[in-house]
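J.: Predicted model, plus sequence, below.
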Amino acid sequence: MDRQGIAPGDTSADTRLKAPAVWALILTGVASFMAALDNLVVTTALPAIREDLGGKLEDLEWTVNAYTLTFAVLLMFGSALGDRFGRRRLFIVGLSIFTGASAAAALSPGIDELIAARAVQGVGAAIMMPLTLTLLTAAVPAARRGMALGIYGAVTGLAVASGPLIGGSLTEHISWQWIFWLNVPIGLALIPLARLRLAESTAPDSRLDVPGTILISGGLFGIVYALVNANSDGWTSAPVLTGLIVGGALVAAFIRHGIRHANPMLPMRLFRNRGFLGINLASLLMFLGMFGSIFLLAQFLQGVAGYSPTEAGLRMLPWTGMPMIVAPIAGILSDRIGGRPVVAAGLAFQALGLGWFAMILSADVSYAAQLPALILSGIGMALYFAPAANVLMSTVAPADQGKASGTNNALREVGGALGVAVLASVFSAQGGYESPQAFTDGTIPALWIGAVAVALAAGLALLLPGKAKTRDQDRPGTPASPEAAAPAPAKVPAAG
């Protein structure tokens, strides 16, 4: 049986998934659910954390951004480590770090310790998350990849969307610490299963790009640090200006490095493909608008509407539950008509949902008035997440899939960190926590910015190639590169 779960001579391999592919889908799906869940699981717990540990708006932003930022800046390096030293091995390493840091977050005695633990969580997720997509793509036959990646995308989208509900329920009925304790038994169960059920592989001639890692890590940290602290320190203050200028210069140096270096972590040649460019820019803007909006709306439902954490999460179910209904259909639909119309429609629905929220939001808005916006956002999220992974992987050759996965995940997380920073900055400039009306006054313009960002993402989705223009490697039996023609990667020992 080969690494895609296809037995030699099995003519039915393109109609069903074999056991190794099923195990890969389960293990990578659960791991990605944990990592994606922790992006926003703290949102409905923020009022409880603020009451228990103290902290200002900037501290609350950092409980979210400490995770998303380290996640974002180390994703491509984590993918490169897996390509170099073994994807299964590094997947287990990242999972172990993530699990240990989750326990540390639950035990945090203060806000600074919690932020530090969240940063370490992000390191573990950065190693683990990009390898989930690479391991799954390698394990699933090309003919069934759209379905498998559709399920994977739906699981990831469900995790992002259900974060407020899970976080709210655990916070209200047990304690906020349990939003982190939840990861520990799941992680401990996944580690031995990954060792037994996933096949090891490496990428041919992979090299680590340490200079590139330093440039992009420093650049993104400087920019996000400046945005988070702009309102408290002032846009013209020395720390903020330094962060923006130095961060921007380091990102520019990283782009130049990607053009000139022989083997960079992110080859800029990939962006010559309009499909790769389109799906990555769309992903960045989608997460910018969605993450920043959920950060504020989850607090609005408690601080202004007066719901408990669980009640707030339950009232977001039309948003959070919709991926379970729509995403499987979207995955099948994208296999038949192509990912471009599905992704573009999903982003358009998400933008409409956020715009609807901005139009109807008031200090005394009823839940019935919010319901259409929740449903539109849920449909949009499902339509986007289900085909996005398959669209991404169809734009690159097999040898570049690890880098493509790391790049896309990194840009999503950068978008999330920027979304929280930018929308919270607008919120604090126009309103605040002083009263329900002040909170509403700050949230409305922030939501409009989120809606515009996602609408721009919908426009960029039109850059994606149509179904007839997918890469040859997604057609069974037609390799897109010498690496794809090889019977196996450089190193594929038995899964055990």
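T.: Great, that's in hand.

J.: Please count neighbours and contacts with C-alpha atoms only from this point.
T.: OK.

J.: Would you mind checking which helix or strand in this structure has the lowest mean pLDDT?
T.: When the helices and strands of the chain are compared on mean pLDDT, DSSP states H and E, helix 482-485 comes out lowest with a mean of 34.

J.: can you pull the contacts of the residue lying closest to A103 once chain neighbours are set aside?
T.: Using C-alpha to C-alpha, 6 or more residues apart in numbering and skipping residues adjacent in sequence, the residue nearest A103 is W181, 5.9 Å away. When contacts are counted by C-alpha atoms under 8 Å, 6 or more residues apart in numbering, W181 touches S102, A103, A106.

J.: wait, which of these is closest to A455?
T.: Checking these against A455 by C-alpha to C-alpha gives S102 as the nearest, at 34.7 Å.

J.: Backbone dihedrals for N273, please?
T.: Main-chain dihedrals, N273, degrees, to the nearest 10: phi -80, psi 120.

J.: who's in contact with it?
T.: T395.

J.: Begin at 133, not 1, for the rest of this chat.
T.: Sure, I'll start counting at 133 from here, so that last one is N405.

J.: just to revisit the earlier point, can you add neighbour count and give the contacts of W313 back as JSON lines?
T.: Output for the contacts of W313, formatted as JSON lines (neighbours: other C-alpha atoms under 10 Å):
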{"residue": "S234", "neighbour count": "27"}
{"residue": "A235", "neighbour count": "19"}
{"residue": "A238", "neighbour count": "19"}
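
J.: which among those residues gets closest to A536?
T.: For the contacts of W313, the nearest to A536 is S234 (27.4 Å; C-alpha to C-alpha).

J.: and which of the contacts of W313 is nearest L543?
T.: Nearest to L543 among the contacts of W313, counting by C-alpha to C-alpha, is S234 at 23.4 Å.

J.: Could you say which helix or strand holds the closest one?
T.: In the assignment (DSSP states H and E), S234 maps to helix 219-238.

J.: Now the helix or strand following that helix: buried residues?
T.: Following helix 219-238 in sequence order, the next helix or strand is helix 243-271 (DSSP H and E). Residues of helix 243-271 classed as buried by neighbour count (16 or more other C-alpha atoms under 10 Å): 243, 246-271.

J.: Ok, stretch 290-310 next?
T.: So stretch 290-310, judged by 16+ other C-alpha under 10 Å, has buried residues 290-304, 307-310.

J.: Might you report the residue contacts of P450?
T.: L503, L506, I507, G510 are the contacts of P450 under C-alpha under 8 Å, 6+ apart.

J.: what residue ranges in the stretch 483-628 of the chain score low on pLDDT?
T.: Along the stretch 483-628 of the chain, segments meeting pLDDT under 70 span 518, 531, 534, 598-628.

J.: now do the stretch 133-282 of the chain
T.: Judged by pLDDT under 70, the stretches of the stretch 133-282 of the chain that qualify are 133-150, 171-172, 186-190, 273-279, 281-282.

J.: Give me the contact list for stretch 566-579.
T.: Taking C-alpha under 8 Å, 6+ apart as the rule, stretch 566-579 contacts 421, 425, 428-429, 432, 435-436, 486-487, 489-491, 493-495, 555-556, 558-565.

J.: Just the buried subset of those, please.
T.: 421, 425, 428-429, 432, 435-436, 486-487, 489-490, 493-495, 555-556, 558-560, 562-564.
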